[in-house]
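K.L.:
Just the structure for this:
(4 chains)
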Protein chains: 4
Amino acid sequence: MSVPESDLPPPVPADMPERETASTFRPVAEGMEAHINVYHPVLDHGFIAVKDYMGDDLSILQMARMSYGKGTKGTGDDRALLRYLMRHQHTSPFEGCVIKLHVKLPIFVMRQWVRHRTASLNEYSARYSIMPDEFYLPEPAHLAVQSSDNKQGRGATLSAEQARAVLDLLRDDARHSFATYHRLLNADEDGNRLDPEGVGIARELARIGLPLSAYTQMYWQTNLHNLMHFLRLRADPHAQWEIRVYAEKILEIMEAWLPTTFEAFRDYQLEAVRLSRMEMALLKDMLAGRAKPEDGERYGLSKREMREFAARFGEM
Amino acid sequence: MSVPESDLPPPVPADMPERETASTFRPVAEGMEAHINVYHPVLDHGFIAVKDYMGDDLSILQMARMSYGKGTKGTGDDRALLRYLMRHQHTSPFEGCVIKLHVKLPIFVMRQWVRHRTASLNEYSARYSIMPDEFYLPEPAHLAVQSSDNKQGRGATLSAEQARAVLDLLRDDARHSFATYHRLLNADEDGNRLDPEGVGIARELARIGLPLSAYTQMYWQTNLHNLMHFLRLRADPHAQWEIRVYAEKILEIMEAWLPTTFEAFRDYQLEAVRLSRMEMALLKDMLAGRAKPEDGERYGLSKREMREFAARFGEM
Amino acid sequence: MSVPESDLPPPVPADMPERETASTFRPVAEGMEAHINVYHPVLDHGFIAVKDYMGDDLSILQMARMSYGKGTKGTGDDRALLRYLMRHQHTSPFEGCVIKLHVKLPIFVMRQWVRHRTASLNEYSARYSIMPDEFYLPEPAHLAVQSSDNKQGRGATLSAEQARAVLDLLRDDARHSFATYHRLLNADEDGNRLDPEGVGIARELARIGLPLSAYTQMYWQTNLHNLMHFLRLRADPHAQWEIRVYAEKILEIMEAWLPTTFEAFRDYQLEAVRLSRMEMALLKDMLAGRAKPEDGERYGLSKREMREFAARFGEM
Amino acid sequence: MSVPESDLPPPVPADMPERETASTFRPVAEGMEAHINVYHPVLDHGFIAVKDYMGDDLSILQMARMSYGKGTKGTGDDRALLRYLMRHQHTSPFEGCVIKLHVKLPIFVMRQWVRHRTASLNEYSARYSIMPDEFYLPEPAHLAVQSSDNKQGRGATLSAEQARAVLDLLRDDARHSFATYHRLLNADEDGNRLDPEGVGIARELARIGLPLSAYTQMYWQTNLHNLMHFLRLRADPHAQWEIRVYAEKILEIMEAWLPTTFEAFRDYQLEAVRLSRMEMALLKDMLAGRAKPEDGERYGLSKREMREFAARFGEM
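P.N.:
Numbering: from 1, shown residues only, chains lettered A, B, ... in the order given. This next block holds a predicted model:
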């Protein structure tokens, strides 16, 4: 009962809702409208699609300005005020924007995703319904050995031959698990028994042998403040590559949605750097010509911190 | 420097944004569009206005159906599925709807409102800006003595003469506090000194003598699941009347927004009743003719519980 | 490289911390002290252990009494006040109690558990470390066919022979997946290559073929208010049996921790029943002799609601 | 009926619970035990007291180590691992520590405090009980004019004479408001009418004229992760002085509770600095001798950012 890859359903749902237009009095973000109900493929069988959103760059400013009342001058410049809010981490106005995504993703990615608790989500239920025969297989280019210096990362990629061997193993096992799943279910979606001689066990039990690479799907909704936190952690090089590709697609979507906020987010958060008390002390003395990066130990930096500091400031 | 009531600004902001229409691919709730940027007066100087929203009855169903996959039959009937979700407290699909309100309200009402923590809010800042000279005065009909049996409630209303005396006291004190506030500020919104001989203290200090009846305003945003929780508590007869009028206005708005969900909310939550283990036991025996309401003690009901049970089921 | 069952590590960690006693000024719940660092087996390789807790029955009352000030009489009776708080869903005082658990559980159970977002958790990381060779196998008595009337539940159990066949399938597949996992890792915990000819891929990739039945572990911490919500949902007959056994163990622990609160929780929440507006109307008329359960349709009950109502009140 | 200051109750409750010792198997933080039920005065009538806590430095490490399994070497050094967690913002292990405080504070401070939503709180109820005649009066040293460059701050302090005039105004008004309050209540705590001729209105209404400087009290509980967020914002020079004194007292308590974590918190968070993408670019060029602080505009810094950058790095 194993499934030939060519028969797998396409990543994008066939019964995709049509894009219909309607009239609204709400704020509209033009760049985001182009994304509504558009399914972007991610990984081999996954996708991301914007189902709904609330707010735009201006609505963030509107919330902030109500708060300041008439008491602030010089907030007439929209871009400057947005950047000020981002720089000083005035988080409330950003909570006024909300995004609702439809995401299809491997279960092991989902398990990292749900660690972000300040969000609403609804997942496909394998207790009610049968899991489709879809599982994630890395592309050879992303198959790598364990990193030796980063306990949770990857090192060098495999040779073509090694990669083929690994993928064969993963593919065969996953197909085997799905075949067992169907044998245990012994039923179609409507509950009709397939093999009249056999028995079928409950869906909630039959699925326990499925691999972590199996695809699931969810609606996921969060506000912009929490979305940016998600992006800081998951679009980061330390994140597992398979969740990072989702985060990077969301970064693109965010840029289309809120262009000015996105620019400020990049400048003051994504590409900002936090320096410790000790790093600041060392840096000041370096600028005054009183110290060099290799003096870090005197300032209380650990060996690892010194390496990271040198990587940033050492080569000058 | 006290302010004649007739000079108070109208409850609805003069610089109310115009209602502008635009085109969107998002779900649109027709009944809610009529509310966008419409300011509804509440109390003597307060208001509620919908600034934005996300979702409609159908989008709740869409989330639920993704979750069930093809695994459920008989969910073709929209109304029946919505009622099923509400009845069984499947909360996730309701989180997919969001509302953003602009609310002007007395500070003592705000202090009850913020107890609902799962919401985003932005309040007018009395550190940045000067508080407008507006405070709440109850209408004579809502001036009542302390309830003798409900420790947090009101009893009989006052006579017209008594009410006038109370209102005079409250009004004079509030005006006096605002006059002191302005004397301490000694400045206009732009920071220009008013009395050149006098001194002015910081806004964050000058406001500490203002009364709890002073009006503030906020943007408040929450999802439908948390909104319904707010409504169950604050549209309840045990809530202070001054917050209840806000909750009741929101109930109206919710009905326009999500007519089918609202009906289910009323049937399975607002007007539903929770019976304890003991009440259920008593009730079953009453139906079997083996007990009467006054037997409650035998079933473990306290005197108070027996009174409440009798109020519900006793008169049959 | 498959693992004989007898070699599996025992459910309870070998390096269990010793129970050490110390002196504290904090509130102490005697019944809970007996649970600290005691590992209770759950399922075939799982466990639950209390690592820490905060609060007792009296500390709930202390919070409530501060709130009421001197304004309430008749709250001298501790048990009565606790029951009053539970009955009227005054949730804040219950949030003052906190529990921290160490739980070992199958991944498919973990995935249900994390849906409860208002909690803190730390999970074993399969990116840093190697997953132990442990997976869940149901006992024959819990192997059941798909329920025909409950889309997410189980029906009749299997015969001994059928059960054996199912378990053989599940066991063989899980062992096979773990064997592949080790082959892909080709390394021990310290990162030493096992087969010098072979290659080993990153831990975060090697694990994607492991089954959902594999065991993971976590520290999970939540306050009593959210714990009771968890218990209402997960100790319920509609919950999957494999999470229910964890919830039932926590119920036992809660009873030892907070005996008076537990009793109130059972009476006013766990075994309480919520009746809809329509059910209440029907019930009142039944008590007055004006209606029978089978008249439900007239009151707006659906067929399913009528069946459930009859199951509760019909047999009188 | 106004209240002479000398008759005001002392900041610390007279009926303070005795400190009683008991034995526990839980982790104990010696430095924190000394704080349990000790009431620290804050402002003129406020206080802070630790009522309960959970966790210590070691329990943070225990959570982190479970997560890393056997997969990390070099985490044997407790202090180094704690600092690593803090530096890389691994927040989950810090959530495992919880603190419960009893705080008495002016209402305008409380209103800032409750903006921190991820906490549990229980406040004294002015609907149930009568508010004590206590209000905050700044010390002359903290009476300052509005800052001209910081819209939400204070500038120069007042002269002794000016301060006296301001305090007289604030004191007289507050006393007057409390006198009105009692006249409107016309009742003692037990509900006995005081002036038999007069009428008394409900407590929930009588209090609306009380000033924002009136004292209230609460139990406030939060986990360490959220506590540190609170401290970063409220122990900051931009916070209003009256909340900062509470935050500073909590910093002292945290240092006694978790000495190693506290040190890491100071080094990597409290006294750390975040530099934007543009500041980093400028800094690198300054270190390479290719730029000076006054070149900021070329790098995209606003005038305000340039001033702040110069204050940090300009004087070299």
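K.L.:
okay, and for the stretch 151-300 of chain A, where does confidence drop off?
P.N.:
A:151 (pLDDT under 70).
K.L.:
Mind jotting down where the helices sit in it?
P.N.:
Ranges of helices in the stretch 151-300 of chain A, per DSSP state H, counting those that start in this stretch, are A:160-185, A:203-206, A:224-234, A:241-257, A:259-265, A:277-287.
K.L.:
Figure out which of those helices is closest to residue B:162.
P.N.:
Proximity to residue B:162 (CB to CB) singles out helix A:224-234 among the helices of the stretch 151-300 of chain A, at 49.5 Å. All C-beta spots, glycine's among them, are computed from the backbone N, C-alpha and C.
K.L.:
what's the offset of that closest one from the middle of its chain?
P.N.:
9 Å (CA atoms, centre = their mean, to the nearest Å).
K.L.:
Likewise for stretch A:19-38?
P.N.:
With CA atoms, centre = their mean, you get 23 Å for stretch A:19-38.
K.L.:
thinking again about what came up before, comparing the helices of the stretch 151-300 of chain A, which comes out most buried?
P.N.:
helix A:203-206 (a mean of 24; mean count of other CB atoms under 10 Å in any protein chain shown).
K.L.:
Surely residue A:103 and residue A:221 touch.
P.N.:
No: Residue A:103 is not in contact with residue A:221 according to CB atoms under 8 Å; the separation is 10.7 Å.
K.L.:
Of the two, give the one with the bigger neighbour count.
P.N.:
More neighbours surround residue A:221 than the other of residue A:103 and residue A:221, with 28 against 22 (other CB atoms under 10 Å in any protein chain shown).
K.L.:
measure that one to chain D for me?
P.N.:
Residue A:221 sits 18 Å away from chain D, going by CB to the nearest CB, to the nearest Å.
K.L.:
Now do the buried residues in stretch A:59-71.
P.N.:
Buried residues in stretch A:59-71, defined by neighbour count with 16 or more other CB atoms under 10 Å in any protein chain shown: A:59-69, A:71.
K.L.:
Show me the strands in chain A, by range?
P.N.:
Remark: strands assigned in chain A by DSSP state E are A:22-24, A:39-42, A:46-54, A:98-106, A:120-123, A:144-146, A:154-157, A:215-223, A:273-275.
K.L.:
Okay, now the sheet partners of the fourth one, with direction.
P.N.:
Read it as strand A:98-106. strand A:46-54 (antiparallel), strand A:215-223 (antiparallel) (DSSP bridges).
K.L.:
Nearest to residue D:296, out of these?
P.N.:
Smallest distance to residue D:296 across the strands paired with strand A:98-106 (CB to CB): 32.7 Å, for strand A:215-223.
K.L.:
Report back the residue of chain A that's furthest from centre.
P.N.:
Each residue of chain A has a distance to the centre, and by CA atoms, centre = their mean the biggest one is for residue A:197: 45.1 Å.
K.L.:
how about that residue, what does it touch?
P.N.:
Taking CB atoms under 8 Å, 6 or more residues apart in numbering or on different chains as the contact definition, residue A:197 lies against nothing.
K.L.:
again with residue A:66
P.N.:
Residues near residue A:66 by CB under 8 Å, 6+ apart: B:102, B:122, B:124, B:217-219.
K.L.:
Could you do residue A:69 as well?
P.N.:
B:124-125, B:128-130.
K.L.:
same thing but at 7 Å, please
P.N.:
With contact taken as CB atoms under 7 Å, 6 or more residues apart in numbering or on different chains, residue A:69 is in contact with B:124-125, B:128-129.
K.L.:
And residue A:248, by the same measure?
P.N.:
So residue A:248 contacts residue A:235 (CB under 7 Å, 6+ apart).
K.L.:
on that earlier part again, which one, of the strands paired with strand A:98-106, ends up nearest to residue C:143?
P.N.:
Nearest of the strands paired with strand A:98-106 (CB to CB): strand A:215-223, 24.0 Å.
K.L.:
neighbouring contacts of that closest one?
P.N.:
Residues outside strand A:215-223 that contact it (CB under 7 Å, 6+ apart): A:45-46, A:51, A:95, A:97-107, A:110, A:118-124, A:132, A:134-136, A:230, B:63, B:66, B:95-96, B:120.
K.L.:
What of stretch A:234-246?
P.N.:
A:42-43, A:48, A:103, A:105-106, A:109, A:112-113, A:142, A:233, A:247-248, A:251, C:127, C:204.
K.L.:
quick check, nearest of these to residue D:263?
P.N.:
Nearest to residue D:263 among the contacts of stretch A:234-246: residue A:233, at 25.1 Å, using CB to CB.
K.L.:
residues touching residue A:226, list them.
P.N.:
Counting by CB under 7 Å, 6+ apart, residue A:226 touches A:116, A:118-119.
K.L.:
Please disregard the earlier target; I meant residue A:194.
P.N.:
Residue A:194 is in contact with A:186-188, counting by CB under 7 Å, 6+ apart.
K.L.:
Tell me the spacing between it and chain D.
P.N.:
Per CB to the nearest CB, residue A:194 is found 41 Å from chain D.
K.L.:
Hmm, residue A:140 is touching residue A:160, no?
P.N.:
Yes: Residue A:140 lies in contact with residue A:160 (CB atoms under 7 Å); the separation is 6.5 Å.
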